[in-house]
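Asks: Quick one: sequence and predicted model below, then my questions.
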Amino acid sequence: MARSPSFCGVILAAGTSSRMGRDKALLPWLGTTFLESAMQVLADTELIIVVAGANAERLSPVVDAAGASLVLNPHPERGQFSSLRIGLQEVLNRGRDAAMVTLVDRPAPERETVRTLKEAFLDSLPDMWAVVPEFEGRHGHPFLVGREMMEAFLRAPADSTARDVEHANQQRIRYLEVGDPLVVCNVDTPADYERILNG
C-alpha cells in the first residue's frame, strides 16, 4: 500500500560560507538566489523550514516572502549535522512525518527530479525509511526521510555525521539513480560558482 505522509521541506542554510566569502544562500541563480530556488522546488511540500545561523537576520526577509518558516541553529559551529537535527526536530514538532531535505549551497535540482524522488518515496514499502538520489554513482540532495529515519538522526550521538547514520541504516534506504547532475553539484568556492554560472 502506498504511503500518504505530510511532507515538510527542510533547507539547511546555517553555514558560514567561509570559503565562498559571502553567504551562499543569497548567491544569484537564474534570476533568484540559491535559497529562493530551493524554496521554489520544495513548493509542493506542506511547509518549508529554513535552518539559519548567524545569517538569520539576512535570510529572514527572503524566507518570510516565500511563506516559509525560519528556525535558528544557535550553534552552527557544531556543523551541518546539528542543523539537520534542528530541522528534523521542527518537522516532528509541527506534526509532520516526512521531510525533503536539501542544502542551500548548491543549485536547486530540476522540479521533475523532486517529483520523481517523492513518487519513489510514496511507492516504497514501509521498511524503506529514506530515498536518496544518485547521479553517476554519487549520492546527492535533496533526500527524503520518513519518521523512522528522522528519529534515527535524532537518536544519534551529537558528534555523528549524516553519513554515519546513513551507513548504519543502509538497508532501509532506497538509492535512486536520476539523470540530474544538479543533485551532486557542490558550490564551496568562488571558482565553483563561476564554473556553474558558465555552464
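Replies: Sure thing, it's come through. Numbers count the residues shown, from 1 in each chain.
Asks: alpha carbons only for contacts and neighbour counts from here, please
Replies: OK.
Asks: With adjacent residues omitted, what lies nearest to Ala158?
Replies: In space, and not counting its chain neighbours, Ala158 is closest to Ser82: 7.3 Å by C-alpha to C-alpha, 6 or more residues apart in numbering.
Asks: what about the helices in the chain?
Replies: All helices of the chain, identified by DSSP state H, fall at 34-41, 56-65, 80-93, 111-123, 147-155, 162-168, 190-197.
Asks: Compile these into JSON lines and extend it with columns for mean neighbour count.
Replies: Below are the helices of the chain laid out as JSON lines (neighbours: other C-alpha atoms under 10 Å):
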{"stretch": "helix 34-41", "mean neighbour count": "22"}
{"stretch": "helix 56-65", "mean neighbour count": "15"}
{"stretch": "helix 80-93", "mean neighbour count": "21"}
{"stretch": "helix 111-123", "mean neighbour count": "17"}
{"stretch": "helix 147-155", "mean neighbour count": "18"}
{"stretch": "helix 162-168", "mean neighbour count": "14"}
{"stretch": "helix 190-197", "mean neighbour count": "13"}
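Asks: Could you tell me the least trusted of those helices?
Replies: Of all the helices of the chain, mean pLDDT reaches its minimum on helix 190-197 (a mean of 89).
Asks: who touches it?
Replies: If you take C-alpha atoms under 8 Å, 6 or more residues apart in numbering as the criterion, helix 190-197 is touched by Arg19, Met20, Gly21, Asn186, Val187.
Asks: May I have the phi/psi pair for Gly31?
Replies: Main-chain dihedrals, Gly31, degrees, to the nearest 10: phi 90, psi 0.
Asks: Just the pLDDT for it.
Replies: Reported pLDDT for Gly31: 92.
Asks: Next one: it from Leu154, what distance?
Replies: In this view, Gly31 and Leu154 are 36 Å apart by C-alpha to C-alpha, to the nearest Å.
Asks: likewise Ile49?
Replies: Using C-alpha to C-alpha, we find Ile49 at a distance of 17 Å from Leu154.
Asks: rewinding a little: please tabulate the helices of the chain in JSON lines, including the columns distance to Val132.
Replies: Converted to JSON lines, the helices of the chain look like this (distance: least, C-alpha to C-alpha, whole Å):
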{"stretch": "helix 34-41", "distance to Val132": "16"}
{"stretch": "helix 56-65", "distance to Val132": "25"}
{"stretch": "helix 80-93", "distance to Val132": "15"}
{"stretch": "helix 111-123", "distance to Val132": "8"}
{"stretch": "helix 147-155", "distance to Val132": "12"}
{"stretch": "helix 162-168", "distance to Val132": "10"}
{"stretch": "helix 190-197", "distance to Val132": "23"}
